[in-house]
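> sharing a sequence plus its predicted fold:
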Amino acid sequence: MSEGGDSSSGSLGRTNCSSPAKKTGDKKKGKTRVSKTSAILWHAHQKDAATVRKLLEEDPSLVNTRDYDNRTPLHVASLHGWIDVANCLIEFGADVNAQDRWKNTPLADAAGAEKPAMVELLKSYGGLSYGQNGSHFEQKPVPPPLPNKCDWEIDPSELDFSNSNIVGKGSFGEILKAYWRGTPVAVKRILPSLSRDRLVIEDFRHEVNLLVKLRHPNIVQFLGAVTERKPLMLITEYLRGGDLHQYLQEKGALSPLTAINFALDIARGMAYLHNEPNVIIHRDLKPRNVLLVNSSTDHLKVGDFGLSKLIKVQHAHDVYKMTGETGSYRYMAPEVFHHQKYDMKVDVFSFAMILYEMLEGEPPLEHYEAYDAAKYFAEGHRPMFRAKGYICELRELTEECWAADVHKRPSFLQILRRLEKIRDRLPSENHWNFLTG
């Protein structure tokens with residue numbers, strides 16, 4: 001999931017779509033050069049020397065930035081004869097002999113546009129006049145700075161909430177079923193009272209920045225977002241089958257074959273997220289965040305990459321310090337509960353609890369309050385296997401996935417191989433009591 005390259009040689013108004021819109025004042029490398037490029041060219045065009053100076057004081061490298069025709073701000077000032085702007089640019093080290101798309105220097109533009117004062121100024125700083133014809137022959141207006149609008153930015157007027165209904169709620173907002181261009185979608189809408197909260201906005205954009213890059217059959221598909229207007233909204237595909245929590249409440253314990261097929265879909269999605277070198281840790285894997293594509297329940301997808309619940313790491317073996325008990329207690333790994341350092345194996349622990357719930361037909365330690373269940377697990381205890389019959393290999397896999405020692409927990413690629421072998425050994429007619437563990 002790469003960031004854009006050095007946009008100083010890019011096109012005017014062109015944006016880096018790997019990250020959401022950023023304010024011009026944000027000085028993080030690689031995030032704002034495009035918007036500042038647009039700004040300095042625009043203000044050079046507008047004869048706004050004061051703003052040009054301010055932009056250069058913030059980022060001197062903008063002095064030789066380029067637009068779509070490879071013109072520098074000095075080309076723009078020279079063409080119009082703006083002496084004050086040109087002096088400012090030269091003071092900050094502008095290349096007086098930079099060549100544009102037509103191989104013209106600023107002096108060639110000034111001469112072609114009959115700006116004698118500018119010609120003399122450029123000559124005094126060593127400016128040379130060469131090029132086949134001045135860019136003024138193909139003059140193009142310099143547009144005002146454009147917002148960092150990406151192809152996934154959705155105009156909120158395209159969202160139809162006339163027949164919407166709430167399908168989920170959280171501390172940051174609500175999830176609604178709506179329609180976008182005639183298609184049913186799920187819309188996570190940030191509460192208006194939080195839409196101006198700096199941390200909420202940062203978390204929202206972080207989530208968008210991650211989701212926009214995810215493409216996998218077992219990951220809920222991101223469709224777009226509203227980042228330039230309030231309320232902030234995130235739009236994903238709408239899955240008609242509901243979530244796994246609701247399904248298990250209705251169906252109870254699943255047959256081993258169904259549980260394995262469900263587990264395979266979850267593991268495939270998680271193996272994709274945990275793929276090196278860019279590892280994404282879900283941190284809130286639970287039945288409510290696993291969605292059924294349709295009522296026939298033939299396909300599952302991992303979803304709800306909630307605000308501040310995703311962390312992108314650079315290497316699978318990196319460990320990070322938790323800032324708090326992020327996630328849902330009942331499915332929370334002990335190291336998370338203890339605020340200890342953690343890695344992607346926290347998701348493997350949560351997966352074990354989901355697998356247990358699918359086979360047992362009830363959440364782990366259902367009779368405990370969620371916090372007390374997490375505390376019980378953190379103390380080294382685990383749920384009891386109570387089902388009438390159990391496949392030995394599934395029980396062993398579950399126990400390995402919730403091991404207290406994170407190094408003993410398998411990766412999701414290993415889990416996939418184990419589940420496939422177990423499935424292949426199942427008889428065609430499978431019943432709970434055919435093999436006990």
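Nice, I can see it.
> low pLDDT regions in this protein?
Applying pLDDT under 70 to the chain flags residues 1-35, 68, 131-150, 170-171, 276-277, 305-327, 389, 428-437.
> now the helices for it?
Applying DSSP state H to the chain gives helices spanning 33-45, 49-58, 73-80, 83-91, 106-112, 116-124, 198-211, 244-251, 256-273, 334-337, 345-360, 370-378, 392-401, 412-425.
> so can I have a markdown table of these showing mean neighbour count?
In short, each C-beta sits where N, CA and C put it, glycine included. Formatted as a markdown table, those follow (neighbours: other CB atoms under 10 Å):
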| stretch | mean neighbour count |
| --- | --- |
| helix 33-45 | 24 |
| helix 49-58 | 17 |
| helix 73-80 | 29 |
| helix 83-91 | 21 |
| helix 106-112 | 28 |
| helix 116-124 | 17 |
| helix 198-211 | 18 |
| helix 244-251 | 16 |
| helix 256-273 | 22 |
| helix 334-337 | 20 |
| helix 345-360 | 25 |
| helix 370-378 | 18 |
| helix 392-401 | 18 |
| helix 412-425 | 16 |
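> now those helices in JSON lines, with distance to residue 289?
Shown next, in JSON lines, are the helices of the chain (distance: least, CB to CB, whole Å):
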{"stretch": "helix 33-45", "distance to residue 289": "34"}
{"stretch": "helix 49-58", "distance to residue 289": "42"}
{"stretch": "helix 73-80", "distance to residue 289": "49"}
{"stretch": "helix 83-91", "distance to residue 289": "53"}
{"stretch": "helix 106-112", "distance to residue 289": "57"}
{"stretch": "helix 116-124", "distance to residue 289": "62"}
{"stretch": "helix 198-211", "distance to residue 289": "13"}
{"stretch": "helix 244-251", "distance to residue 289": "8"}
{"stretch": "helix 256-273", "distance to residue 289": "10"}
{"stretch": "helix 334-337", "distance to residue 289": "15"}
{"stretch": "helix 345-360", "distance to residue 289": "9"}
{"stretch": "helix 370-378", "distance to residue 289": "15"}
{"stretch": "helix 392-401", "distance to residue 289": "17"}
{"stretch": "helix 412-425", "distance to residue 289": "16"}
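> between those helices, which one is nearest to residue 176?
helix 198-211 (16.0 Å; CB to CB).
> which one of the helices of the chain lies nearest to residue 192?
helix 198-211 (11.2 Å).
> need the residue in the chain that's farthest from the chain's center.
Farthest-out residue of the chain from its mean C-alpha position, per CA atoms, centre = their mean: residue 116, at 51.9 Å.
> quick one on the thing from earlier: for residue 234, find the nearest of the helices of the chain.
Nearest of the helices of the chain (CB to CB): helix 198-211, 6.3 Å.
> so who does the residue nearest to residue 93 when sequence neighbours are not counted touch?
Leaving aside its chain neighbours, residue 93 sits nearest to residue 63 (5.7 Å; criterion: CB to CB, 6 or more residues apart in numbering). Neighbour list for residue 63: 56, 72, 73, 89, 92, 93, 94 [criterion: CB atoms under 8 Å, 6 or more residues apart in numbering].
> redo that, cut-off 7 Å
Residue 63 makes contacts with 56, 73, 89, 92, 93, 94, as judged by CB atoms under 7 Å, 6 or more residues apart in numbering.
> how about these, which pair is most distant?
Maximum pairwise distance in the contacts of residue 63, criterion CB to CB, is 11.8 Å, between 73 and 93.
> which one of the contacts of residue 63 sits closest to residue 332?
Set against residue 332, the nearest of the contacts of residue 63 by CB to CB is residue 56 (50.2 Å).
> quick check: that closest one touching residue 92?
Yes: with contacts counted by CB atoms under 7 Å, residue 56 reaches residue 92, the gap being 4.6 Å.
> thinking again about what came up before, closest to residue 155 out of the helices of the chain?
Among the helices of the chain, the nearest to residue 155 by CB to CB is helix 198-211 (15.8 Å).
> setting the sequence-adjacent residues aside, check what's closest to residue 247.
Residue 247 sits nearest to residue 292 (CB to CB, 6+ apart), 6.1 Å away.
> let me see the domain layout of this structure.
7-138, 156-237, 244-434 (automatic domain parsing).
> picking up where we left off before, distance to residue 360 added to the contacts of residue 63, as a markdown table?
Formatted as a markdown table, the contacts of residue 63 follow (distance: CB to CB, whole Å):
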| residue | distance to residue 360 |
| --- | --- |
| 56 | 65 |
| 73 | 67 |
| 89 | 71 |
| 92 | 69 |
| 93 | 70 |
| 94 | 71 |
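> residue 48: which of those is nearest?
Distances from residue 48 to the contacts of residue 63, taken by CB to CB, are shortest for residue 73, at 11.1 Å.
> can you tell me which residues contact the closest one?
By CB under 7 Å, 6+ apart, residue 73 lies in contact with 40, 41, 44, 52, 63, 65, 89.
> which one among those gets closest to residue 303?
Nearest to residue 303, judged by CB to CB, of the contacts of residue 73 is residue 65 at 40.5 Å.
> so that closest one sits against residue 37, correct?
Yes: the criterion here is CB under 7 Å, and residue 65 meets it with residue 37 at 4.7 Å.
> distance between the longest strand anywhere in the chain and the chain's centre?
Secondary structure of the chain read by DSSP state E shows that its longest strand is strand 159-169. Between the centre of strand 159-169 and the centre of its chain there are 23 Å (CA atoms, centre = their mean, to the nearest Å).
> just stretch 218-237 next, same as before
The answer for stretch 218-237 is 10 Å, by CA atoms, centre = their mean.
> how long is that stretch from one end to the other?
Using CA to CA, to the nearest Å, the end-to-end distance of stretch 218-237 comes to 12 Å.
> closest to the centroid, which residue in this protein?
Centroid-nearest residue in the chain, with CA atoms, centre = their mean: residue 210, separated by 1.6 Å.
> quick one: that one and residue 280, what's the gap?
Look at residue 210 and residue 280: by CB to CB, to the nearest Å, they are 6 Å apart.
> and for residue 48?
43 Å.
> quick one, which of those two is more surrounded?
The neighbour comparison of residue 48 against residue 280 (other CB atoms under 10 Å) goes to residue 280, with 23 against 18.
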